[in-house]
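>>> everything below, folded, please.
(one chain, ligands or ions: 1)
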Amino acid sequence: MKSTPARTASAAPAPLALLGGAPRFAAPLHVGRPNIGDRERFMRRVEKILDNAWLTNNGPFVQDFERRIADLVETEHAIAMCNATVALEITTRGLGLKGQVIVPSFTFVATAHALQWQEIEPVFADVDPVTHNLDPARVEELITPRTTGIVGVHCWGRPCDVEGLQEVADRHGLQLMFDAAHAIGCTHGGRAIGSFGRAEVFSFHATKVCNSFEGGVVTTNDGELAEKLRLMRNFGFAGKDSVIYVGSNGKMSEVSAAMGLTSLDAFEDFRERNRVNHAAYARGLAGLDGLRLVDFDTAERNNWQYVVVEVDPDAAGLSRDELVQVLEAENVLARRYFFPGVHEMEPYRSHQPRVGEFLPETNRLCARVMTLPTGTAVEPADATAICEVVRAALARPAEVRAALASGTGA
Ligand code: T4K
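This is a model prediction of the structure:
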């Protein structure tokens with residue numbers, strides 16, 4: 001598998017760039033650099049699309065992509081859409097959610113926006129500090145007569161407490177669905193994520209382990225729901241001149257499906273690169289006080305697409321934000337996923353100004369978590385070099401802090 005040759009790592013453990021050394025990487029190393037897959041195969045698919053003169057509206061490549069996803073996640077139905085945000089909107093609409101829906105705040109803003117866009121109020125529940133996923137006990141406390149559903153997020157591809165959430169949902173007659181944007185190819189209890197709750201929504205955005213440039217797929221075993229979602233993604237058309245629902249335009253284009261198929265062809269290679277990179281990070285960060293690399297249950301299948309580190313500033317000697325700046329000076333663009341918490345973003349911040357008081361674990365994670373580069377653009381040696389930078393910074397926190405304060409840093 002080819003990796004992006006746009007940067008070089010220097011061999012010696014150089015002085016930190018923040019402290020006057022040369023940046024460790026000549027070109028930026030991103031979180032979310034797309035995995036490209038086999039270009040020739042993609043180009044051949046594009047040629048075929050042009051030959052077909054069938055560019056969108058449920059074409060053969062979209063249908064093929066849907067079959068491949070349904071096989072992969074072992075569901076009866078997979079409905080491809082233009083992105084996961086629209087897929088979330090259409091799925092919540094198709095499920096008839098209204099009033100209030102309980103979601104985590106420790107997520108990408110799209111989870112909440114998909115509800116708010118339809119004037120459904122997202123109610124933020126706190127997450128479990130270890131799993132980073134919704135805590136069913138906190139969810140249950142927030143149920144009111146206006147609550148109609150729960151949207152769990154399998155954060156980083158690690159499964160939610162699916163059973164705990166399902167029990168809460170059943171006890172209160174609520175719909176349960178999942179934002180599985182991060183979780184393609186992952187399992188829970190040996191069963192593929194994709195068939196839990198009423199429906200699950202995957203993202204195939206460019207930055208995801210498998211991508212279709214932009215894309216989302218809803219999976220479900222509920223045939224009636226699947227049919228409704230298929231119509232809703234196409235303006236509600238049930239036949240040539242017959243519209244039976246309010247619908248949107250959520251269709252995936254053929255060229256996106258061609259990229260999605262090409263990505264799926266290489267998925268096992270992508271997964272393996274992510275796994276070895278994660279292992280390199282685990283070795284490189286081992287023994288550093290105050291740093292916790294989020295791990296994955298090796299009894300399950302994982303896609304390892306996020307390398308997530310929690311930084312305890314007291315034990316580590318530097319904060320997450322300070323480390324992000326140290327890395328930036330080295331051309332390593334670590335990301336603060338997810339910061340700030342969605343409850344700190346508009347319109348939620350204005351709608352619910354005090355809700356943060358009830359989200360202590362979310363607030364703690366938002367202040368401590370950073371994600372590091374992985375994927376096919378990153379070699380395990382790059383991961384090792386990034387860890388050396390972190391180690392070097394933590395060995396001299398006072399110097400780092402002074403450089404940041406004086407503005408001589410990044
Ligand atoms: N639910 C959850 C839990 C999600 O995490 C997401 C999306 C969604 C729902 C919604 O799914 P979609 O509607 O997007 O299908 C990025 C992604 O855009 C977003 O898809 C993702 N989650 C989120 C976690 O990350 P940003 O705003 O941080 O993206 P951006 O543009 O800063 O890109 C990230 C990095 O990737 C950059 O440093 C550059 C690099 N990059 C990006 C693109 C697009 C490239 O190198 N090439 C590229 O083509 O949100």
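>>> contact residues of the stretch 101-250 of the chain facing the ligand?
107-108, 110-111, 153, 179, 181-182, 203, 205-207, 216 (Cβ under 6 Å from any ligand atom). C-beta here means a position set from N, CA and C on the backbone, and glycine is covered the same way.
>>> taking those residues one by one, which sit in strands?
Of these, the ones assigned to strands by DSSP state E are Val153, Asp179, Ser203, Gly216.
>>> wait, Gly356 touches Asn363, no?
Yes - counting by Cβ atoms under 8 Å, Gly356 does reach Asn363; the two are 6.1 Å apart.
>>> which neighbours do these two have in common?
Common contacts of Gly356 and Asn363 (Cβ atoms under 8 Å, 6 or more residues apart in numbering): Gly341.
>>> including distance to Pro145 and pLDDT, could the residues of the stretch 101-250 of the chain next to the ligand go into TSV?
Below are these laid out as TSV (distance: Cβ to Cβ, whole Å; pLDDT from 0 to 100):
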residue	distance to Pro145	pLDDT
Thr107	25	98
Phe108	29	98
Ala110	27	98
Thr111	23	98
Val153	25	98
Asp179	25	98
Ala181	30	98
His182	32	98
Ser203	32	98
His205	36	98
Ala206	41	98
Thr207	39	98
Gly216	31	98
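>>> closest one of those to Phe25?
Thr207 (18.9 Å; Cβ to Cβ).
>>> report how many residues lie close to that closest one.
Applying other Cβ atoms under 10 Å, we find 16 residues neighbouring Thr207.
>>> spatially nearest residue to it (excluding sequence neighbours)?
Counting by Cβ to Cβ, 6 or more residues apart in numbering, Gly32 is the residue found nearest to Thr207 once chain neighbours are left out, at 3.2 Å.
>>> try Phe108
The nearest residue in space to Phe108 (Cβ to Cβ, 6+ apart) is Phe338, at 6.4 Å.
>>> is it correct that the one you found is in contact with Thr107?
Yes - here Phe338 reaches Thr107: they are 6.2 Å apart, a contact under Cβ under 8 Å.
>>> from Ile193, how far out is the residue in the stretch 1-150 of the chain positioned nearest to the ligand?
The ligand sits closest to Gly32 of the stretch 1-150 of the chain, with a gap of 2.9 Å, by Cβ to the nearest ligand atom. Look at Gly32 and Ile193: by Cβ to Cβ, to the nearest Å, they are 20 Å apart.
>>> which of those two has more residues huddled nearby?
For Gly32 versus Ile193, the count of surrounding residues by other Cβ under 10 Å is larger for Ile193: 28 against 19.
>>> need the contact list for that one.
With Cβ under 8 Å, 6+ apart, Ile193 has these contacts: Val73, His154, Gly157, Pro159, Phe178, Ala180, Ala183, Ile184, Cys186, Thr187, Glu200.
>>> out of those residues, which is most surrounded?
Ala183 leads the contacts of Ile193 on contacts (other Cβ under 10 Å) with 32 neighbours.
>>> my guess is that one contacts Pro159. True?
Yes - if you go by Cβ under 8 Å, Ala183 and Pro159 touch, sitting 7.2 Å apart.
>>> mind listing what's buried along the helix or strand hosting Ala393?
For Ala393, the element it lies in under DSSP states H and E is helix 380-395. Neighbour-count burial for helix 380-395 flags Pro380, Asp382, Ala383, Ala385, Ile386, Cys387, Glu388, Val389, Val390, Ala392, Ala393, Leu394 (criterion: 16 or more other Cβ atoms under 10 Å).
>>> hang on, the earlier thing: report pLDDT for the residue nearest to Thr207.
pLDDT for Gly32: 95.
>>> contacts only, for it.
Contacts of Gly32 by Cβ under 8 Å, 6+ apart are Ala206, Thr207, Arg335, Gly375.
>>> so what's the residue nearest to Phe108 up against?
Phe106, Thr107, Phe108, Leu365, Cys366, Val369.
>>> for Gln116, see how far away the residue of the stretch 1-150 of the chain closest to the ligand is.
24 Å.
>>> what comes into contact with stretch 46-65?
45, 80, 212, 217, 234, 251-255, 257-258, 260-261, 264.
>>> what's the end-to-end length of that stretch?
14 Å (Cα to Cα, to the nearest Å).
>>> same question, stretch 302-315
29 Å.
>>> that one: which residues count as buried?
Asn302, Asn303, Trp304, Gln305, Tyr306, Val307, Val308, Val309, Glu310, Val311, Pro313.
>>> could you pick out which of those are near the ligand?
Subset of these in contact with the ligand: empty, counting by Cβ under 6 Å from any ligand atom.
>>> and these, which two are furthest apart?
Between any two of the buried residues of stretch 302-315 (Cβ to Cβ), the greatest distance is 29.8 Å, for Asn303 and Pro313.
>>> what's the span of stretch 214-228 from first residue to last?
For stretch 214-228, the end-to-end distance is 22 Å (Cα to Cα).
>>> burial count for the closest residue to Arg349 other than its chain neighbours?
Closest residue in space to Arg349, ignoring its immediate chain neighbours: His343 at 6.8 Å, by Cβ to Cβ, 6+ apart. Counted with other Cβ under 10 Å, residues neighbouring His343 total 24.
>>> sec struct for His343, please.
helix (DSSP: H, G, I helix; E, B strand; the rest coil).
>>> quick one: contacts for the closest residue to Lys228 other than its chain neighbours?
Nearest residue to Lys228 in three dimensions, chain neighbours excluded: Gly94, at 4.9 Å (Cβ to Cβ, 6+ apart). Shown in contact with Gly94 (Cβ under 8 Å, 6+ apart): Ala199, Leu225, Lys228, Leu229, Met232.
>>> let's see which of the residues you listed end up in helices.
Counting by DSSP state H, the members of those that fall within helices are Leu225, Lys228, Leu229, Met232.
>>> can you redo the contacts of Ile193 as a markdown table with pLDDT?
Output for the contacts of Ile193, formatted as a markdown table (pLDDT from 0 to 100):
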| residue | pLDDT |
| --- | --- |
| Val73 | 98 |
| His154 | 98 |
| Gly157 | 98 |
| Pro159 | 98 |
| Phe178 | 98 |
| Ala180 | 98 |
| Ala183 | 98 |
| Ile184 | 98 |
| Cys186 | 98 |
| Thr187 | 98 |
| Glu200 | 98 |
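>>> kind regards, and thank you for your time.
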